[in-house]
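Participant: have a look at this prediction, sequence included:
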Amino acid sequence: MKKILAFALIAAVLVCLLAGCGSASNPDVATAEPSASVATAPLTEAPALSPDADYGAWQVALLTEESGIADHSGNQIIFDTCKTWCEARGVGFKHYAASERSKAELTAMIDLAVSEGSDILLLPDWSLTDAIKDSVGKYPDVRFILFDMYANEFGRDYVLPANVCTAVYREEVLGFMAGFAAVKLGYRHLSYVGTKKAAPATRYGYGFVQGAAAAAVELDIPKEIAVEFVYANTTSDDPAVTAYMDDMFQNRGVELCFACGGDIASAVCKAAKNVPNAKVIGADVDMALTLDPLYGEGVTVTSSVKNYAGTVRTVLSDIIERNMWRSYSGQTISGGVVSGEDPAVNAVGLAPSTGYADGKFTETDYAALVAALYAGKYTVSDDTKNPPKVAIAVNYLGNIK
């Protein structure tokens, strides 16, 4: 394995959680500053390739929980981006897919990847933390890049080892964008369904509430907006979730549901397709690509998307081309809004498939929202212990099952 010869600090990379964070313009919109425990990394383009550079000594491995990744998921985005990036530079690339979800299977995959010469392992959204903890100690010279995993998921007060970096995203900002867009587009009775009462799902949900409230205050209609807030307590396409949302759409007047995590969106869409004008907002990736063909064109209003591709390009460029592993070593890098002018370079945003509407919420309005977040017009709380204090009605309904 290639030994890194030189290190440099990224002075401008690890800046703050959300560039230009300021105080809220309305105390009912959000009540706390974001945590400063993680840093935001801008997604930069790779430098021009040097004709003299030899990257062939490196090998990158992607380890996923499934073999079928052609489903527009985060895994597919990471796979496609990583493969393209590596092939353009002569860097070795291998994909390993688990045959089952178990500690033994993940440990065996990591052992195989290392034995076959991989220097960098990418592990997206694995929950088998014991296997990862054991492996990072076993292979201190291998760099582990984890996606959507926080250090505390490995144990209370767990400190990431020097050969580990985890890339996470500001779900509360993603949720804020979704809630803001929903109200601006004319939806008044909203719902949120998260997988379970865990930090990522809660950040999405609380952000959604804050965004809906911010838009309602700007439109001077806070009394017209209501959010039904519930956890599915499952990640599967569960009939119980479909039945619950069928009641919400049919009998309780809900117009739109922000569905976050696993196959929850599919369960919600099965209810939405039976109700005229019932809509869904997706999470993590552009869910319209998978939901609309199955449940009807336009059922997905928008999706809150994480820029996995930008993260992969940035991290691989910094490690392999710039010899900058030290800037990632033992770090949690949290991606947020780092540009108020170019939404495409941000780590979080709304999907290209967003159903903008003239006179309500347009692409220009979205650009203005991004600029406002960057400038600090809105303070989006990442507090997952206390529901945000907002000017709209929010009904916290516990778990579906």
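Facilitator: That came through fine. Numbering: from 1, shown residues only.
Participant: quickly note the distance from the most centrally placed residue in the chain to residue 343.
Facilitator: When Cα atoms, centre = their mean is applied to the chain, the residue found nearest the centroid is residue 306 (4.1 Å). Going from residue 306 to residue 343 by Cβ to Cβ, to the nearest Å gives 13 Å. (C-beta placed from N, C-alpha, C; glycine too.)
Participant: just residue 326 next, same as before
Facilitator: The value you get for residue 326 to residue 343, if Cβ to Cβ is used, is 30 Å.
Participant: neighbour-wise, which of those two wins?
Facilitator: residue 343 (21 against 17; other Cβ atoms under 10 Å).
Participant: apart from its neighbours in sequence, what residue is nearest that one?
Facilitator: residue 370 (4.8 Å; Cβ to Cβ, 6 or more residues apart in numbering).
Participant: how about the strands in the stretch 101-250 of the chain?
Facilitator: Ranges of strands within the stretch 101-250 of the chain are 120-124, 143-147, 164-169, 189-194, 226-231, based on DSSP state E, counting those that start in this stretch.
Participant: what does the pLDDT read for residue 261?
Facilitator: We have a pLDDT of 89 for residue 261.
Participant: burial of the closest residue to it other than its chain neighbours, as a residue count?
Facilitator: What sits nearest to residue 261 in space, not counting adjacent residues and going by Cβ to Cβ, 6+ apart, is residue 195, at 3.4 Å. By other Cβ under 10 Å, 22 other residues sit near residue 195.
Participant: do you know the pLDDT at residue 195?
Facilitator: Confidence score, pLDDT, at residue 195: 94.
Participant: could you check how far it is from residue 155?
Facilitator: Distance of residue 195 to residue 155, given as Cβ to Cβ: 21 Å.
Participant: repeat that for residue 226.
Facilitator: 39 Å.
Participant: who has more neighbours, those two?
Facilitator: Neighbours were counted for residue 226 and for residue 155 using other Cβ under 10 Å; residue 226 has more, 17 against 11.
Participant: my guess is that one contacts residue 392. True?
Facilitator: Yes. Here residue 226 reaches residue 392: they are 6.7 Å apart, a contact under Cβ atoms under 8 Å.
Participant: tally of neighbours for the nearest residue to the residue nearest to the centre of the chain once chain neighbours are set aside?
Facilitator: Spatial nearest neighbour of residue 306, chain neighbours left out: residue 169 (4.4 Å); criterion: Cβ to Cβ, 6+ apart. Neighbourhood size, residue 169 [other Cβ under 10 Å]: 25.
Participant: residue 137 now?
Facilitator: Residue 137, neighbours per other Cβ under 10 Å, totals 10.
Participant: show me the contacts for the residue nearest to residue 343.
Facilitator: By Cβ atoms under 8 Å, 6 or more residues apart in numbering, the contact list for residue 370 reads 337, 339-340, 343, 346, 349.
Participant: please redo it, this time with the cut-off set to 10 Å
Facilitator: 173, 177, 337, 339-343, 346, 348-350 (Cβ atoms under 10 Å, 6 or more residues apart in numbering).
Participant: how about residue 187?
Facilitator: Per Cβ under 10 Å, 6+ apart, neighbours of residue 187: 179, 181, 212, 215, 225, 254-257, 277, 279, 281, 301, 360.
Participant: apply 7 Å and report the result again.
Facilitator: Residue 187 makes contacts with 255-256, as judged by Cβ atoms under 7 Å, 6 or more residues apart in numbering.
Participant: which one is residue 186 nearest to, not counting chain neighbours?
Facilitator: residue 360 (5.7 Å).
Participant: now the one you found. Its backbone dihedrals?
Facilitator: Dihedral angles of residue 360 (phi, psi; degrees, to the nearest 10) stand at phi -120, psi -70.
Participant: for residue 301, see how far away it is.
Facilitator: 11 Å.
Participant: which neighbours do those two share?
Facilitator: residue 185.
Participant: okay, those two: which has more neighbours?
Facilitator: A direct count of neighbours by other Cβ under 10 Å for residue 360 and residue 301 places residue 301 higher, at 27 against 13.
Participant: my read is that one is in a strand, agree?
Facilitator: Yes. When DSSP: H, G, I helix; E, B strand; the rest coil is applied, residue 301 is found to be in a strand.
Participant: list the contacts of it.
Facilitator: Residue 301 neighbours (Cβ under 7 Å, 6+ apart): 182, 185, 256, 279-281, 355.
Participant: hmm, 8 Å instead?
Facilitator: 181-182, 185, 187, 256, 279-281, 354-355.
Participant: how about these in a markdown table, adding pLDDT?
Facilitator: Compiled in a markdown table, the contacts of residue 301 are given as follows (pLDDT from 0 to 100):
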| residue | pLDDT |
| --- | --- |
| 181 | 98 |
| 182 | 98 |
| 185 | 98 |
| 187 | 98 |
| 256 | 98 |
| 279 | 98 |
| 280 | 98 |
| 281 | 98 |
| 354 | 97 |
| 355 | 96 |
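Participant: just the CA trace of stretch 265-278, in PDB.
Facilitator: Listed next in PDB are the C-alpha coordinates belonging to stretch 265-278 (Å, rounded to 0.1, in the frame of the first residue of the first chain):
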ATOM      1  CA  ALA A 265     -41.600   6.400   0.800                       C
ATOM      2  CA  SER A 266     -42.900   3.400  -1.100                       C
ATOM      3  CA  ALA A 267     -45.300   2.500   1.700                       C
ATOM      4  CA  VAL A 268     -46.500   6.100   1.800                       C
ATOM      5  CA  CYS A 269     -46.900   6.300  -2.000                       C
ATOM      6  CA  LYS A 270     -49.100   3.200  -2.000                       C
ATOM      7  CA  ALA A 271     -51.500   5.300   0.000                       C
ATOM      8  CA  ALA A 272     -51.000   8.500  -2.000                       C
ATOM      9  CA  LYS A 273     -51.800   6.900  -5.300                       C
ATOM     10  CA  ASN A 274     -55.400   6.200  -4.300                       C
ATOM     11  CA  VAL A 275     -56.000   9.800  -3.300                       C
ATOM     12  CA  PRO A 276     -56.300  12.600  -6.000                       C
ATOM     13  CA  ASN A 277     -53.500  15.200  -5.600                       C
ATOM     14  CA  ALA A 278     -51.900  13.500  -2.600                       C
END
